[in-house]
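K.L.:
Predicted coordinates and the sequence they were generated for:
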Amino acid sequence: MRFLKLFLLCISVFAAAEGFAQSSAELKRRRDKLSDELEQLNREYQKTASSKKVTIRQLNILKAKINLREEKINTINSEIRNLDSQISENTNSVNNLQEQLDKLRKEYAGMVLFAYHNKSAYNKLMFVFASKDFNQAYKRLKYLQQFATYRQRQAEYIQGTQKDLNIKIVQLDRTKREKSTLLSDEKKERESLGKEKDNQAQVVVKLSKQQGYLKRQQRDLQKKIAKTNREISSAIRREIAEARRKAEAEERARLAAAEKARAAAAAAAEKSDKPAPSTGPKTPVKTTAAKTNSEVLNSTPEAARLSNDFLGNRGSLPWPVAQGHITQGFGTYYIDGIKTESTGVDIATGAGATVRAVFSGEVSNVANVSGTYLVIIRHGEYFTAYSNLRSVSVSKGQKVGIKQTLGTVATDSATGETSVHFDLYKGQNPVNPKIWLAPD
């Protein structure tokens with residue numbers, strides 16, 4: 001029973017270690033990705049810092065760096081917590097294995113002492129021949145044989161436990177060294193974060209001297225955002241109106257066909273002097289006018305199937321650009337005290353980056369908004385919008401597949417920023433695109 005407990009202990013320890021390794025590997029992958037993104041932002045910041053004129057782009061890059069740096073510190077802290085848990089588990093395992101080893105050695109020492117006192121062949125023979133009968137003599141002989149086997153097995157258990165103990169001690173030392181390294185990294189990251197926050201404060205002070213220019217720039221940006229939102233809303237309303245018109249036409253055609261069939265049946269009955277066949281009680285049918293926008297947009301089997309497929313990929317849609325990071329999230333935010341509502345997310349990427357469809361669908365609209373392009377794609381009752389494109393490679397009414405190229409991202413000449421604005425709507429309601437995209 002004792003050896004069974006020891007075996008189960010080892011199994012549980014190794015299972016916990018495997019789970020830790022998977023979690024640790026995922027956190028390390030995330031930390032490495034954040035480090036790469038920070039390196040990219042550092043290079044972009046150095047380009048802007050070489051200019052004597054302070055720009056909003058510098059401030060935005062610093063904000064993005066601070067956000068990524070804080071996320072990296074949180075990731076490192078999660079790794080440290082994992083290591084603390086692993087250190088605790090390994091320490092308990094070492095203590096338990098040491099206790100088991102001490103018990104095994106104590107028992108083995110007792111067996112060695114017994115064997116020493118009965119080491120001569122004469123003593124063994126006397127032990128056997130002193131039996132009352134043949135049956136007892138046989139049992140004593142088997143006992144001596146089993147005692148020798150058990151003693152050998154105990155020695156093997158001791159060696160195996162000692163080996164497991166040494167492995168756990170090595171793992172414990174390695175984990176402690178990893179924790180020490182992470183604590184050092186965390187300290188460096190916090191120092192870098194402090195410097196970046198100082199730089200941000202300095203840039204804000206310098207930018208405040210250009211307040212008039214920046215506010216004009218901000219107002220122009222807000223006008224463009226508002227115009228883009230109106231274009232998206234207008235395109236979606238047109239799609240809903242068109243879907244409702246088609247549904248109403250189909251409904252009228254069905255009613256006309258049913259009326260024609262009833263008239264034909266009545267005429268046939270009149271000729272044969274028989275009563276017209278009963279069509280049964282009429283069941284109330286919901287008219288197209290009473291249907292919701294969602295029902296109208298999903299009125300065809302193809303549209304309903306596409307909506308279900310799109311919904312089924314929530315949280316795993318590909319990003320509209322191959323490489324990028326979110327610089328402005330969904331919802332309410334403030335810039336220089338100006339309240340702004342973001343219906344989507346801004347994704348910074350490299351100059352000339354390709355914009356791609358996140359899901360298959362049909363291009364609902366392509367529009368020029370203040371010098372850059374907007375592409376809207378319908379996916380059943382869902383719509384995705386891609387704005388701030390320098391060029392487009394699709395046209396209205398075109399069917400597109402997942403990850404198909406839509407165009408290239410534009411770079412703002414005033415700020416030097418290259419980013420695509422991505423919106424996602426369910427009907428006329430904007431939803432947070434980030435929770436639909438695959439984890440970055």
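P.N.:
Noted; the coordinates are in hand.
K.L.:
model confidence over the stretch of helix or strand N95 belongs to, on average?
P.N.:
Using DSSP states H and E, N95 falls within helix 56-117. Helix 56-117 carries an average pLDDT of 75.
K.L.:
Stretch 23-34 now?
P.N.:
The model assigns stretch 23-34 a mean pLDDT of 83.
K.L.:
Kindly report the same for stretch 265-273.
P.N.:
Mean predicted confidence for stretch 265-273 is 68.
K.L.:
Ok, stretch 358-372 next?
P.N.:
Averaging pLDDT residue by residue across stretch 358-372 gives 92.
K.L.:
what's the first-to-last distance across it?
P.N.:
Terminal residues of stretch 358-372 are spaced 20 Å apart (CA to CA, to the nearest Å).
K.L.:
Count the residues that sit near A264.
P.N.:
A264 has 10 neighbouring residues, counting by other CB atoms under 10 Å. Using the backbone N, CA and C atoms, a C-beta is placed for each residue, glycine as well.
K.L.:
Check which element follows the host helix or strand of it along the chain.
P.N.:
Per DSSP H and E: A264 is located in helix 211-271. Using DSSP H and E, the helix or strand that follows helix 211-271 towards the C-terminus is helix 293-297.
K.L.:
Can you name every helix or strand that that following helix contacts?
P.N.:
helix 211-271 (3 or more CB pairs under 8 Å, 6 or more residues apart in numbering; DSSP states H and E).
K.L.:
by contact count, what packs against the helix it packs on?
P.N.:
Counting by 3+ CB pairs under 8 Å, 6+ apart, helix 211-271 packs on helix 293-297, strand 338-342, strand 361-369, strand 372-379, strand 382-392, strand 419-426.
K.L.:
can you do 6 Å?
P.N.:
helix 293-297, strand 361-369, strand 372-379, strand 382-392 (3 or more CB pairs under 6 Å, 6 or more residues apart in numbering; DSSP states H and E).
K.L.:
which of the residues in the last one are buried?
P.N.:
Neighbour-count burial for strand 382-392 flags 382-390, 392 (criterion: 16 or more other CB atoms under 10 Å).
K.L.:
Rounded mean pLDDT for that strand, please.
P.N.:
Mean predicted confidence for strand 382-392 is 95.
K.L.:
which parts of stretch 35-49 are buried?
P.N.:
Residues 37-38, 40-41, 44-45, 48 are the ones in stretch 35-49 that count as buried (16+ other CB under 10 Å).
K.L.:
Dump those residues into JSON lines; add secondary structure and distance to S413 as well.
P.N.:
As requested, the buried residues of stretch 35-49 are arranged in JSON lines below (DSSP: H, G, I helix; E, B strand; the rest coil; distance: CB to CB, whole Å):
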{"residue": "E37", "secondary structure": "helix", "distance to S413": "24"}
{"residue": "L38", "secondary structure": "helix", "distance to S413": "26"}
{"residue": "Q40", "secondary structure": "helix", "distance to S413": "21"}
{"residue": "L41", "secondary structure": "helix", "distance to S413": "20"}
{"residue": "E44", "secondary structure": "helix", "distance to S413": "16"}
{"residue": "Y45", "secondary structure": "helix", "distance to S413": "19"}
{"residue": "T48", "secondary structure": "helix", "distance to S413": "14"}
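K.L.:
The residues you listed into JSON lines, with extra columns for distance to A235 and pLDDT?
P.N.:
Below are the buried residues of stretch 35-49 laid out as JSON lines (distance: CB to CB, whole Å; pLDDT from 0 to 100):
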{"residue": "E37", "distance to A235": "33", "pLDDT": "80"}
{"residue": "L38", "distance to A235": "38", "pLDDT": "82"}
{"residue": "Q40", "distance to A235": "34", "pLDDT": "78"}
{"residue": "L41", "distance to A235": "34", "pLDDT": "78"}
{"residue": "E44", "distance to A235": "33", "pLDDT": "74"}
{"residue": "Y45", "distance to A235": "37", "pLDDT": "77"}
{"residue": "T48", "distance to A235": "35", "pLDDT": "68"}
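K.L.:
List the beta-bridge partners for V366.
P.N.:
Under DSSP bridges, the beta-bridge partners of V366 are V375.
K.L.:
Isn't it up against K396?
P.N.:
Yes - V366 lies in contact with K396 (CB atoms under 6 Å); the separation is 5.5 Å.
K.L.:
Would you mind telling me which of the two has more residues around it?
P.N.:
Taking other CB under 10 Å, V366 and K396 do not tie; V366 has more neighbours (19 against 13).
K.L.:
Now do that one against V400, distance only.
P.N.:
According to CB to CB, to the nearest Å, V366 stands 12 Å off from V400.
K.L.:
okay, now the domains of the chain?
P.N.:
2-209, 220-272+292-440 (automatic domain parsing).
K.L.:
winner for burial among the ones you listed?
P.N.:
Mean neighbour count (mean count of other CB atoms under 10 Å) peaks for domain 220-272+292-440 among the domains of the chain, with a mean of 17.
K.L.:
Compute the first-to-last residue distance for that one.
P.N.:
Length of domain 220-272+292-440, first residue to last, CA to CA: 31 Å.
K.L.:
do stretch 398-407 as well
P.N.:
Using CA to CA, one end of stretch 398-407 lies 14 Å from the other.
K.L.:
which residues sit against that stretch?
P.N.:
If you take CB atoms under 6 Å, 6 or more residues apart in numbering as the criterion, stretch 398-407 is touched by 318, 354-357, 359-360, 362-363, 375, 386, 389, 391-394.
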